[in-house]
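>>> kindly generate the corresponding structure for this input.
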Amino acid sequence: MQPEVRRFSPDDWEQARAARLASIRDGFGEDSDFYREQAAMEAAAWRVVLTEHVRFGAFDGDRPLGTACWRAGDDGDGLLYGMWVHPDARGTGVADALVDAVAATAAEQGSVTLTLKVEPGNARALAFYRRAGFRAVQPAGPGLVDMTRRPAP
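Presented below is the predicted three-dimensional model:
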């Protein structure tokens, strides 16, 4: 599967909203307070989010397949966060395409490392990140595994 990966601009708020809500629906369900809160955000709020955050979406036509975000961290770090791939698209290269987009942005912005946090029980995500060149670093945060790599593989 070759997804279309694109960075969201403030004008792409509807597509960004669709991808974000799909990820929250998958992780928390539509009955969660978090889902309802995000679903209730108005266009202006989404535009602000997309102005302040670097977000990417992976799509098959209009269908969101995944999303990932980047932001500058401390001391030359770049942070990969908000990573999600639709269950039907896992193992198809969507995650690779999203990480590549984030890593390219990190490198462009001068990040020395790209860091993320993942739950230790998420074996599939841990295996993917290791294949993508990330390695666990110490100390890990409570309940999370910290992983890092150089932005360009």
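>>> how about the most centrally placed residue in the chain: what's its closest non-neighbour residue?
The centre of the chain sits closest to Ala68, judged by Cα atoms, centre = their mean, with a distance of 1.8 Å. Of all residues not flanking Ala68 in the chain, Leu98 sits nearest, at 4.0 Å (Cβ to Cβ, 6 or more residues apart in numbering). The way it works is simple: take the backbone N, C-alpha and C, and place the C-beta from them, glycine included.
>>> who touches the helix or strand containing the one you found?
Using DSSP states H and E, the element containing Leu98 is helix 94-108. Contact with helix 94-108 is made by 1, 3, 5, 7, 54, 56, 58, 65-70, 78, 80, 83, 85-86, 114, 128, 132, 151-153, as judged by Cβ atoms under 8 Å, 6 or more residues apart in numbering.
>>> ranges for the strands of this structure?
4-7, 54-60, 63-72, 77-85, 113-118, 135-136, 145-149 (DSSP state E).
>>> mind checking those strands for the one nearest to Asp31?
Proximity to Asp31, assessed across the strands of the chain by Cβ to Cβ, is greatest for strand 77-85 (18.5 Å).
>>> which neighbours in the sheet does the closest one have, and how are they oriented?
Strands that pair with strand 77-85, judged by DSSP bridges, come out as strand 63-72 (antiparallel), strand 113-118 (parallel).
>>> for the chain, give me the ranges with low pLDDT.
For the chain, applying pLDDT under 70 flags the ranges 1, 138-144, 152-153.
>>> picking that back up, same list (the strands of the chain) but as JSON lines, adding distance to Asp33.
Listed next are these as JSON lines, based on distance: least, Cβ to Cβ, whole Å:
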{"stretch": "strand 4-7", "distance to Asp33": "29"}
{"stretch": "strand 54-60", "distance to Asp33": "22"}
{"stretch": "strand 63-72", "distance to Asp33": "20"}
{"stretch": "strand 77-85", "distance to Asp33": "18"}
{"stretch": "strand 113-118", "distance to Asp33": "22"}
{"stretch": "strand 135-136", "distance to Asp33": "32"}
{"stretch": "strand 145-149", "distance to Asp33": "27"}
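>>> figure out which of the ones you listed is closest to Ala39.
Here strand 63-72 is closest among those (Cβ to Cβ), at 14.3 Å.
>>> restricting to C-alpha, output the closest one in CSV.
Only the C-alpha atoms of strand 63-72 are listed here, as CSV (Å, rounded to 0.1, in the frame of the first residue of the first chain):
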residue,chain,number,x,y,z
ARG,A,63,-9.9,7.7,4.1
PRO,A,64,-7.4,8.4,7.0
LEU,A,65,-4.9,5.6,7.4
GLY,A,66,-2.6,7.1,9.9
THR,A,67,-1.2,10.2,11.6
ALA,A,68,2.1,11.3,13.3
CYS,A,69,3.4,14.6,14.7
TRP,A,70,6.7,16.3,15.3
ARG,A,71,7.8,19.0,17.6
ALA,A,72,11.1,20.4,18.7
